[in-house]
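Student: make a model of this:
(chains A and B)
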There are 2 protein chains.
Amino acid sequence: MHPDSNESPSRDRLAVHTITTKPWALPIAADRYAASGVTGMSIWVEAIEGMSNAEVRDIVNTSGLKVPALVRGGFFCDPDANERISRIENNRKLIETAAEISAEMLVLVVGATPGEPLELQRQWVREGIEALIEDAQSHNVQLAIEPLHPMYASDKSCINRMAEARAICESVRNPWVGIAVDVYHTWWDPDLENEIRLAGELNALFGFHLCDWRVPTRDFLNDRGLMGDGCIDIRGIRRMVEAAGFSGWNEVEIFSDEHWAGDQQVFLDKIIDRYSDC
Amino acid sequence: MHPDSNESPSRDRLAVHTITTKPWALPIAADRYAASGVTGMSIWVEAIEGMSNAEVRDIVNTSGLKVPALVRGGFFCDPDANERISRIENNRKLIETAAEISAEMLVLVVGATPGEPLELQRQWVREGIEALIEDAQSHNVQLAIEPLHPMYASDKSCINRMAEARAICESVRNPWVGIAVDVYHTWWDPDLENEIRLAGELNALFGFHLCDWRVPTRDFLNDRGLMGDGCIDIRGIRRMVEAAGFSGWNEVEIFSDEHWAGDQQVFLDKIIDRYSDC
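Tutor: Numbering: from 1, shown residues only, chains lettered A, B, ... in the order given. This next block holds a predicted model:
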């Protein structure tokens, strides 16, 4: 469980999600990340609202940063079939955006509708993803299903474990469909190591997200911890994904009212510092 | 998933946990429950602090209520082996108390220590329970492991699914060790129906706890919903446990700052009303 390795993760695989430094507008985030020695920037749709894809591309190109992911598409679940079709259309546009800003993948938060059976909802998700595969392939954009913690099962995601994400990957069996593993959502799962191994065998490990679980956690959404400030054995999980063949980005994704209220450059410096212990 | 049955649960299996009406002292709770037609009262240790077991027994006897459970023992997890022994001693006392107030079972919230591997902690839990079996048997008190929601994995319970509770039941294989299924903690679990069936085959379904999952949930601890005010298919889960052979109490256990702030008799009346839809 606790590997002895003292090996830090490679700095050229460190990416930060724009949401992590939410107070910074995209050009500032790009500038500061690059100046601080971060290599990748995963871009949230909220961060590019009102901007053309060409503008975003210019900012990215100027910074020299890579873009692991556009975050977040998905939200496939609604009892109304027409609404589900319109959600799929939305995702098509996001795949286009991802391609135009050179994002490697689109992260899918699959959605949930309170009171609908979760199993039925997962079927909607599978149908939605199946409908998007051609677009993903023709645009060279990976679709990464992100299982969310069970505390989000009511209204955010009907996929709450690696196992259910893997079941969809196995069912669609397409190289453009895989999983984003977030330590925050998955650390508690007794099946985690085995599921990561199985996902690796499917070549379905697309993304790896870092933060920590604060004790106590004071808010359902915006109280994630900086790596090292919580109880997650992050290095243990990193070694699981690497043992399963993952060699992609280590993406720092922290939602935190506390950290957003402080100086973002100080926060970014801490992130980079703590990253070496991950 | 959604059974058509319109059959309400039997009123003579309705129990309420004293924590549900926390503002009421034990004698008042007992009096009001009985007067309102509730049949059982599960007693929280906090509700009997400072009272002798004889006093508690008198209150219970006067009310005519049955006591499905003493709530809560457990908390087996600590890296210090001496501390773990002292926790076990605590549980021995609670088993005695349960016997003296005629509680059928002691509910075990198994505990968790932030940062310790969950698998190791589950071993401590198994050892703790094994150490208590003789006491349970000689006092005629069942030990009911309650899996808690994964959002409590850091510091409250290292058992977060039915599967891990069942693994302990299978490992100790003793008629005095079983599971308390709480809809709040388990509703999201894709394996729930199967796990309930397996627990039934082990004769390990000891308790069934009712409340609801509010959308959104505003607090990690004290924002549970009254049945019908959330997204859980409570009747569906009740039918699962009954199909698996469960014929025990339906225990209403709601922690809610909102409901505690209101008139407790009005709240109790609502509980009884909503119970018929469970």
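
Student: run a quick neighbour tally on A:R32.
Tutor: Using other C-beta atoms under 10 Å in any protein chain shown, the number of residues around A:R32 comes to 18. Glycine gets a C-beta too; all of them are placed from N, C-alpha and C.

Student: low-confidence ranges, chain A, go.
Tutor: Under the criterion pLDDT under 70, the flagged ranges of chain A are A:1-6.

Student: who's in contact with the residue nearest to A:E193 when sequence neighbours are not counted?
Tutor: Closest residue to A:E193 in three dimensions, ignoring its sequence neighbours and counting by C-beta to C-beta, 6 or more residues apart in numbering or on different chains: A:M240, at 5.2 Å. Under the criterion of C-beta atoms under 8 Å, 6 or more residues apart in numbering or on different chains, the contact list for A:M240 reads A:192-193, A:196-197.

Student: confirm that A:M240 sits in a helix.
Tutor: Yes - when the secondary structure is assigned by DSSP: H, G, I helix; E, B strand; the rest coil, A:M240 falls within a helix.

Student: what's the local residue count around A:N61?
Tutor: Around A:N61 there are 12 other residues, counting by other C-beta under 10 Å.

Student: who wins for most neighbours among the contacts of A:M240?
Tutor: Using other C-beta under 10 Å as the neighbour test, these are led by A:I196, with 27 neighbours.

Student: ok, now how distant is that one from chain B?
Tutor: Here the distance between A:I196 and chain B works out to 15 Å (C-beta to the nearest C-beta, to the nearest Å).

Student: three-state assignment of that residue?
Tutor: Per three-state DSSP, the local secondary structure of A:I196 is helix.

Student: and the helix or strand harbouring A:Q123, what does it pack against?
Tutor: Element membership for A:Q123 (DSSP states H and E) is helix A:118-139. Using 3 or more C-beta pairs under 8 Å, 6 or more residues apart in numbering or on different chains; DSSP states H and E as the contact criterion, the neighbours of helix A:118-139 among helices and strands are helix A:81-100, strand A:142-145, helix A:162-172, strand A:177-182.

Student: burial measure for the nearest residue to A:L205 once chain neighbours are set aside, as a count.
Tutor: Excluding the flanking residues, the one nearest A:L205 by C-beta to C-beta, 6+ apart is A:F246, at 4.3 Å. A:F246 is surrounded by 21 other residues when neighbours are defined as other C-beta under 10 Å.

Student: confirm that A:F246 sits in a strand.
Tutor: No - residue state for A:F246 (three-state DSSP) corresponds to coil; a strand is not indicated.

Student: can you name the residues in contact with stretch A:41-48?
Tutor: Stretch A:41-48 is contacted by residues A:15-19, A:25-26, A:29-30, A:33, A:56, A:60, A:63, A:65-72, A:94, A:97, A:101, A:103, A:107, A:249, A:251, A:253 when judged by C-beta under 8 Å, 6+ apart.

Student: quick check on those: which are buried?
Tutor: Among these, those buried by neighbour count (16 or more other C-beta atoms under 10 Å in any protein chain shown) are A:15-19, A:26, A:29-30, A:33, A:56, A:60, A:63, A:65-72, A:94, A:97, A:101, A:103, A:107, A:249, A:251, A:253.

Student: mind listing what's buried in stretch A:50-64?
Tutor: A:51, A:56, A:59-60, A:63.

Student: my error: substitute stretch A:98-116 in the last question.
Tutor: By neighbour count, with 16+ other C-beta under 10 Å as the criterion, the buried positions of stretch A:98-116 are A:98-113, A:116.

Student: against chain B, which of the residues you listed make the cut? List them.
Tutor: With C-beta under 8 Å from any C-beta of the partner chain as the criterion, no member of these is in contact with chain B.

Student: please enumerate the strands of the stretch 151-278 of chain A.
Tutor: In the stretch 151-278 of chain A, the strands defined using DSSP state E, counting those that start in this stretch lie at A:177-182, A:205-210, A:250-252.

Student: quick one: closest of those to B:P147.
Tutor: With C-beta to C-beta as the measure, strand A:177-182 is the member of the strands of the stretch 151-278 of chain A nearest B:P147 (22.6 Å).

Student: convert the C-alpha atoms of the closest one to CSV, please.
Tutor: Provided in CSV are the C-alpha atoms of strand A:177-182 (Å, rounded to 0.1, in the frame of the first residue of the first chain):
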residue,chain,number,x,y,z
VAL,A,177,-13.2,6.3,-24.9
GLY,A,178,-11.4,6.0,-21.5
ILE,A,179,-11.3,7.2,-17.9
ALA,A,180,-10.0,10.2,-15.9
VAL,A,181,-9.0,9.0,-12.5
ASP,A,182,-9.3,11.7,-9.8
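
Student: that strand packs against which elements?
Tutor: Under the contact criterion of 3+ C-beta pairs under 8 Å, 6+ apart, strand A:177-182 touches strand A:103-109, helix A:118-139, strand A:142-145, helix A:162-172, helix A:192-201, strand A:205-210.

Student: need the contact partners of the first one.
Tutor: By that I understand strand A:103-109. By C-beta under 8 Å, 6+ apart, the list of residues contacting strand A:103-109 from outside reads A:42-43, A:66-75, A:91, A:94-95, A:97-98, A:129, A:136, A:141-146, A:148, A:156-157, A:178, A:180, A:206-207.

Student: over to the third one?
Tutor: If you take C-beta under 8 Å, 6+ apart as the criterion, strand A:142-145 is touched by A:69, A:73-74, A:95, A:104-108, A:110, A:125, A:129, A:132-133, A:136, A:159, A:165, A:168-169, A:176-180, A:206-207.

Student: so what's the residue count around the nearest residue to A:T217 once chain neighbours are set aside?
Tutor: Closest residue to A:T217 in three dimensions, ignoring its sequence neighbours and counting by C-beta to C-beta, 6+ apart: A:D223, at 5.2 Å. With neighbours defined by other C-beta under 10 Å, the count for A:D223 comes to 18.

Student: isn't A:D223 up against A:D257?
Tutor: Yes - with contacts defined as C-beta atoms under 8 Å, A:D223 counts as touching A:D257 at a distance of 6.9 Å.

Student: returning to what we had before: just the ones of the contacts of stretch A:41-48 in helices?
Tutor: In this view, those that belong to helices under DSSP state H are A:26, A:29-30, A:33, A:56, A:60, A:63, A:94, A:97.

Student: out of those, who's nearest chain B?
Tutor: A:L94 (24.9 Å; C-beta to the nearest C-beta).

Student: ok, now which ones touch that closest one?
Tutor: Contacts here follow C-beta under 8 Å, 6+ apart; on that basis A:L94 touches A:45, A:70, A:73, A:106.

Student: which pair of those residues spans the longest distance?
Tutor: Maximum pairwise distance among the contacts of A:L94 (C-beta to C-beta): 9.8 Å, between A:V45 and A:L106.

Student: follow-up on the earlier one: so who does the residue nearest to A:T217 touch?
Tutor: Under the criterion of C-beta under 8 Å, 6+ apart, the neighbours of A:D223 are A:214, A:217, A:255-258.

Student: beta partners of it?
Tutor: Using DSSP bridges, the beta-bridge partners of A:D223 come out as A:S256.

Student: just the CA trace of stretch A:258-266, in CSV.
Tutor: Extracted as CSV, the C-alpha positions of stretch A:258-266 are listed here (Å, rounded to 0.1, in the frame of the first residue of the first chain):
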residue,chain,number,x,y,z
GLU,A,258,-10.2,29.0,0.9
HIS,A,259,-7.4,29.0,-1.7
TRP,A,260,-9.4,31.1,-4.2
ALA,A,261,-9.6,33.8,-1.5
GLY,A,262,-5.8,34.0,-1.2
ASP,A,263,-2.9,35.1,-3.5
GLN,A,264,-3.0,32.9,-6.5
GLN,A,265,0.7,33.1,-7.2
VAL,A,266,1.5,32.0,-3.7
